[in-house]
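>>> When you get a sec, could you give me coordinates for this:
(chains A and B)
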2 protein chains.
Amino acid sequence: MDEFMRAAIDEARKGAKEGGIPIGSVLVHNGKIIGRGHNKRVQTGSPTLHGEMDALENAGRQPASVYQQSVIYTTLSPCSMCSGAILLYGIPKVVIGENQSFLGEEALLKSRGVEIEMIDSDECKQLMSDFMAASPELWNEDIGE
Amino acid sequence: MDEFMRAAIDEARKGAKEGGIPIGSVLVHNGKIIGRGHNKRVQTGSPTLHGEMDALENAGRQPASVYQQSVIYTTLSPCSMCSGAILLYGIPKVVIGENQSFLGEEALLKSRGVEIEMIDSDECKQLMSDFMAASPELWNEDIGE
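Predicted coordinates:
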């Protein structure tokens, strides 16, 4: 597997070990990870730090030119908030672990010119299906349902 | 002026006093403010804490039913990230101070059934025009340009 999706899955597993929602993400600029993150709803009580948001947050303030030459990797199809952040910063490409557990705003991203690469990873699906079966209410909270 | 837009402007002014970007927001549930926030790019080095995101963050974890009965007030038209957060949580109404300094994703929000109320506040416009004239590079960074 691609080393960057591997790193995003490692982040998801780190979140699971912390008792959190197992979704991870990395922001990659010119072949180097500049931000790693995972969902922090449980760990810090955050409704905004989804995996992708946490990776962006941990990358810190970056000039537009960096985002515009970056790829964001996420273990799960990005929700409207995370997709909106991708659009705000003009990140041109998103690599997604899977979208069977949850289908985010891939159509919106594509309509705005963002390239989507789907890995369709069994490992990502297993992480989510185990979590969704164990904590359905927490999962619903995370997606506003 | 509406007390909640007043509170959002107070947040924007607080941000300006801290040397930050003067955009503020409050989340109101059943006539009561449950989260206040302002842009924290400068103050905490955050690329994700726009005013609306900070208000959501400060409201903490809420069940879907709370968001679905809430109104979010913001001094400036919400960008794609903040609009995406509004869509994620199903917040049904956004009250906006102004959209002349920056036009966010109002069309997307409307197309998804979110009600928009435009205040068209001279005070909000003045806050932004003073800031944009003084710190154009910081403003561009905040909107990914």
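
>>> Please count neighbours and contacts with C-alpha atoms only from this point.
OK.

>>> Which positions within the top helix by length along chain A qualify as buried?
Secondary structure of chain A per DSSP state H: the longest helix is helix A:3-17. The neighbour-count check on helix A:3-17 (16 or more other Cα atoms under 10 Å in any protein chain shown) flags A:4-16 as buried.

>>> The helix or strand following it close to chain B?
Note on helix A:3-17: by DSSP states H and E, the next helix or strand toward the C-terminus is strand A:24-29. No. No part of strand A:24-29 sits near chain B under the criterion Cα under 8 Å from any Cα of the partner chain; the closest distance found is 13.2 Å.

>>> what are the ranges of the strands in chain A?
Using DSSP state E, the strands of chain A run over residues A:24-29, A:32-38, A:70-74, A:93-96, A:115-118.

>>> The second one pairs with which strands?
Translated: strand A:32-38. Strand A:32-38 sits in its sheet next to strand A:24-29 (antiparallel), going by DSSP bridges.

>>> contact partners of the strand it pairs with?
With Cα atoms under 8 Å, 6 or more residues apart in numbering or on different chains as the test, strand A:24-29 has contacts from A:4-5, A:7-13, A:15, A:33-39, A:51-52, A:54-56, A:59, A:66-67, A:69-76.

>>> Just give me how far that strand sits from the chain centre.
How far strand A:24-29 lies from its chain's middle: 8 Å, per Cα atoms, centre = their mean, to the nearest Å.

>>> any idea of the angle it forms with strand A:70-74?
Interaxial angle, strand A:24-29 versus strand A:70-74 (axes from the mean of the first three to the mean of the last three Cα atoms, to 10 degrees): 170 degrees.

>>> Alpha carbons only: can I get strand A:24-29 in CSV?
Coordinates of each C-alpha in strand A:24-29 appear next as CSV, following Å, rounded to 0.1, in the frame of the first residue of the first chain:
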residue,chain,number,x,y,z
GLY,A,24,-7.1,9.3,10.0
SER,A,25,-5.6,11.7,7.5
VAL,A,26,-2.3,13.1,6.3
LEU,A,27,-1.5,16.2,4.2
VAL,A,28,1.3,15.6,1.8
HIS,A,29,3.3,18.3,0.0
